[in-house]
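*Asks:* sequence unknown, structure follows:
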């Protein structure tokens with residue numbers, strides 16, 4: 001997002017994915033462009049790691065600010081980006097309902113629009129998860145990171161054909 005909250009050309013989307021590897025679950029973050037092409041994958045972390053924790057450890061907000069990019073994210077990223085000026089948000093998340101506070105029709109509409117904007121990200125992850133090796137992977141997160149990053153390159157080659 002630009003300073004006036006107009007979408008920047010090629011806005012990046014940040015999203016979290018849990019890759020269930022049978023007995024081991026891994027969590028990794030990924031950045032895609034607005035068409036769903038994977039650009040970057042974070043280090044794989046154990047499945048118990050929360051999305052916001054992974055984003056803070058990878059300094060996603062700082063990297064996006066340095067690149068003058070914004071990101072659309074799911075509700076797991078609420079609280080990651082806390083600027084003093086609300087117009088300086090880098091990561092845009094939806095609204096969360098509670099039992100005591102239901103969402104207004106406007107908030108529901110905003111969540112629908114955000115979900116539509118994040119849909120290409122799901123396609124990017126589907127392309128990555130199509131690799132059969134990921135179903136048989138039994139290794140630690142450090143080795144999984146190297147494999148995921150190699151598959152990122154192969155996935156981009158396959159989808160660009």
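*Replies:* Sure thing, it's come through. Please read all numbers here as calculations on a predicted model, not as lab measurements.
*Asks:* now the strands for the protein?
*Replies:* Counting by DSSP state E, one finds strands in the chain at the ranges 13-21, 24-32, 38-41, 45-46, 71-72, 91-92.
*Asks:* what helices and strands are in contact with the longest helix belonging to the chain?
*Replies:* Counting by DSSP state H, the longest helix found in the chain is helix 105-129. Helices and strands touching helix 105-129, by 3 or more Cβ pairs under 8 Å, 6 or more residues apart in numbering; DSSP states H and E, are strand 13-21, strand 24-32, strand 38-41, strand 71-72, helix 141-159. Backbone N, C-alpha and C define where each C-beta goes, glycine included.
*Asks:* now these in TSV, with mean pLDDT?
*Replies:* Output for the helices and strands packed on helix 105-129, formatted as TSV (pLDDT from 0 to 100):
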stretch	mean pLDDT
strand 13-21	50
strand 24-32	79
strand 38-41	85
strand 71-72	85
helix 141-159	86
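*Asks:* to residue 54, which of the ones you listed lies closest?
*Replies:* Nearest to residue 54, of all the helices and strands packed on helix 105-129, is strand 24-32, at 5.5 Å by Cβ to Cβ.
*Asks:* would you mark the buried spots in that closest one?
*Replies:* By neighbour count on 16 or more other Cβ atoms under 10 Å, the buried set for strand 24-32 is 24, 26, 27, 28, 29, 30, 31, 32.
*Asks:* now swap in stretch 128-139 and tell me
*Replies:* With the criterion 16+ other Cβ under 10 Å, stretch 128-139 contains buried residues 128, 131, 134, 137.
*Asks:* likewise for stretch 139-148?
*Replies:* Applying 16+ other Cβ under 10 Å to stretch 139-148 flags 141, 144, 145, 148 as buried.
*Asks:* what sits up against it?
*Replies:* 21, 24, 26, 28, 41, 43, 44, 45, 46, 128, 133, 137 (Cβ atoms under 8 Å, 6 or more residues apart in numbering).
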